[in-house]
Each structure stands twice: as structure tokens, then as C-alpha cells.
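>>> what's the 3D shape of this:
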Amino acid sequence: MVRHSTVVEAYGILGIEEDSSLEVVKSAYKQLALRTHPDKNPGNEDATAQFQRISEAYNVLVKHLDRSSSPPRRPPHSHSYSPFNDDSDDYDEFDYYDDYDDYDEDYEDLNFYMFLFEELLRGRANRYANMRYNRHKPTAPESPEQYQARISRMREEQEQAEARRKREEAARKEAQQRERERESRQAEERQRVKVAQKKAQAAASQKSVEEKARTREQHLQRLRSEIFAAARRGDSARVKKGVYEDNVDAAGGEIRKGGEKFVETLPNDPRETLLHIAAKCGDAELVEWLDSHGKLIALYVEHRLMYGR
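Sure, this is the predicted structure:
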């Protein structure tokens, strides 16, 4: 911020003696303003601050000299009556000359500011011309040393670029190899899981088959033991139903092959048949039925063996 100067300081800033006239003040200000204007000193903060101080000092002195040199004015268009005054005009002669002096001063200030503006424009034009000249200034031809240095630099840049491309290519191949290995491991893992799943399914299926076979064998053995128990009780009807409908072998013993584990109490004679039990119980009718039925079964089996159906 510009500090307001006193009149004494203002004379010192413009570099002129105290009580100098307005013309001297204006002349000094013009010289200093042209020399310190910001457009003539781009980027120079000190010059900008100095220009502001000079402008402030000039304004202080202009106001000071204007107040001290101007006579007191009467209001314009005053209507004063004097019996001793032959002039009846409304406009005073002093007012006329004061206004004329103000017009001269304003015109002179306008000329100065026009001059300052032209100088600034000329300075900018010169800077622009210098910039264009520097930008389009032809370069000097290369010396052999400069040429060799440029060629060496270009060769070095090419070698560095080639080395960088090789490194990038090697890194790319390495990444591809890692990706292939990863995919191979994943494929092996998928295959292992698939085989394990198939084995598990096969084991489960086998277990199911075995469980079904065990259940069927247990059912057949339990049914056969029930028929033999009915024969020992003398229940011929149940024996006939078991032989005819459940295909219980009348000529075989009570225990089927592999059925021992399903029998809680083993018979005294494992080879004892239903026919033997019926004869032991004295049931002649059941003995005859079992015998005839056994012959029919034997013929049926023989027919199947001969003709396959």
C-alpha cells in the first residue's frame, strides 16, 4: 500500500527543490514516470513501488500548488449589485481567466498522458519485435564437435531405447511364462478335483450297491429263516406260500451262502431242509407237496439250462 506523502517528502521523492513551480513538478514527474513505469520494467516490483510513490508525490504537490496559487473564486453566475459598478454582466472577469487557466492545465495534462501512453505502446512494440526476432533468429551451423556430440547423443538414446525394449520384452515373456504356469497349475488342480470327485462318486455308488445287496441278502435270509421256523411249528400254509411265492428253496438248508451274519441263532444242522423238517414233524401231505414242487422246480431249472429261457 502506498503511504501518503507530505509536501516536503513529495519534493524529495521527485528530486526537486521545495517551493518549485508546477511546471518544474510536472517536468520532473514526466521524466521519473517514464523511467519507472511498470510496463517499462516488467517483473520489477521495486520499479512498480517507486512509480506508485512518484505518482502519489505528484498528486500531493499538484493539490498543494493548486490551492496556494489560485485566488479565491466567487460563485459562478453571481448577481451582485453595486451602484458604483457600470458593468452589468453576470460573468466576472476573474472567473473567465480562472476557467481559462484550468483549461490550459487540463489540456497540458492530457498531452502528457497521451505522450506517456504512446511511449508505453512503443516500448511494448519494441519488446514484441525483440521477441519475434529472438524466436526466429537463425541458428549458427554446427561445428564438427557439436555434430559428433549430437550423433553420439542420438546413438546413446537409441541404445538406451533398445535396451529398454529388450527389458520390457523379457519382462513380458516372463509374465507370460508365469501366466502359463499358473494356468497349468490351475488345470492340474481342476483335473485333480475332477478325479477326486469321480472317485468319490464311484465310491458312493459302490457303497450304495453294496448296501442294497446287503439289504437284499439280509431280507432273503430273514425270509428263509421265517419259513424254516414255520415248518418247525407245523405251519404248512406258510411254508407253501414261502416256497411258491417267495421262491424259498425246499431242497436247500436254512442258511444261504454268506447269510450267516444275518442269523442270530444258527440251526443245529445247517444242511437240514424243509422236506426233512416236514418228515420229522410227520406232515405227510406237506412232504408230498414239497416233493412234487421240488420236482417241478428241478424240471424248470433243467429247461432253462437246456433252452436258455
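>>> show the pLDDT at Arg73.
Arg73 is assigned a pLDDT of 50 by the prediction.
>>> how about stretch 219-232: buried residues?
For stretch 219-232, the neighbour count (16 or more other CB atoms under 10 Å) marks 220-221, 224-225, 227-228, 230-232 as buried. The C-beta positions use only the backbone N, C-alpha and C, and glycine is treated the same way.
>>> again, but for stretch 243-254
243, 248, 250, 253-254.
>>> how about low-confidence regions in the stretch 101-250 of the chain?
101-138 (pLDDT under 70).
>>> cutoff 50 now
Within the stretch 101-250 of the chain, the stretches with pLDDT under 50 are 101, 103, 125, 128.
>>> one step back: of the buried residues of stretch 243-254, which belong to helices?
Of the buried residues of stretch 243-254, the ones assigned to helices by DSSP state H are Val243.
>>> can you tell me which of the buried residues of stretch 243-254 comes closest to Ala278?
Ala278 lies nearest to Ala250 out of those, by CB to CB, at 9.1 Å.
>>> wait, isn't that closest one in contact with Val243?
Yes. Here Ala250 reaches Val243: they are 5.2 Å apart, a contact under CB atoms under 8 Å.
>>> any shared contact partners between these two?
Each of 274, 290, 293 lies in contact with both Ala250 and Val243 under the rule CB atoms under 8 Å, 6 or more residues apart in numbering.
>>> mind picking the lowest-pLDDT entry from those?
The lowest pLDDT within these belongs to His293, which sits at 77.
>>> contacting residues around that residue?
So His293 contacts 243-244, 250 (CB under 8 Å, 6+ apart).
>>> quick one: the residue lying closest to Trp289 once chain neighbours are set aside from Asp283, how far?
In space, and not counting its chain neighbours, Trp289 is closest to Lys240: 6.4 Å by CB to CB, 6 or more residues apart in numbering. Distance, Lys240 to Asp283, by CB to CB, to the nearest Å: 11 Å.
>>> would you list every one of the strands in the stretch 51-200 of the chain?
Assignment of strands within the stretch 51-200 of the chain using DSSP state E, counting those that start in this stretch yields no ranges at all.
>>> what are the structural domain limits within this protein?
7-70+92-135, 215-307 (automatic domain parsing).
>>> can you redo those as TSV with distance to Tyr147?
Putting these into TSV (distance: least, CB to CB, whole Å) gives the following:
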stretch	distance to Tyr147
domain 7-70+92-135	24
domain 215-307	100
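>>> tell me which of the ones you listed sits nearest to Ser152.
The nearest among the domains of the chain, by CB to CB, is domain 7-70+92-135 at 28.7 Å.
>>> ok, residues contacting the host helix or strand of Arg238?
According to DSSP states H and E, Arg238 maps onto helix 236-245. For helix 236-245, the external contacting residues (CB under 8 Å, 6+ apart) are 223-224, 226-227, 230-231, 248, 250, 274, 278, 283, 285-286, 289-290, 293.
>>> touching, Glu18 and Val8? I think so.
Yes. At 6.6 Å, Glu18 counts as touching Val8 under the criterion of CB under 8 Å.
>>> which strands and helices lie in contact with the longest helix along the chain?
With secondary structure taken from DSSP H, the chain has its longest helix at helix 144-233. Packing partners of helix 144-233 (3 or more CB pairs under 8 Å, 6 or more residues apart in numbering; DSSP states H and E): helix 236-245, helix 274-281.
>>> and the angle for that helix with helix 236-245?
140 degrees (axes from the mean of the first three to the mean of the last three CA atoms, to 10 degrees).
>>> can you put the buried residues of stretch 219-232 in JSON lines and add distance to Arg180?
Output for those, formatted as JSON lines (distance: CB to CB, whole Å):
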{"residue": "Leu220", "distance to Arg180": "59"}
{"residue": "Gln221", "distance to Arg180": "60"}
{"residue": "Arg224", "distance to Arg180": "65"}
{"residue": "Ser225", "distance to Arg180": "66"}
{"residue": "Ile227", "distance to Arg180": "70"}
{"residue": "Phe228", "distance to Arg180": "71"}
{"residue": "Ala230", "distance to Arg180": "74"}
{"residue": "Ala231", "distance to Arg180": "75"}
{"residue": "Arg232", "distance to Arg180": "77"}
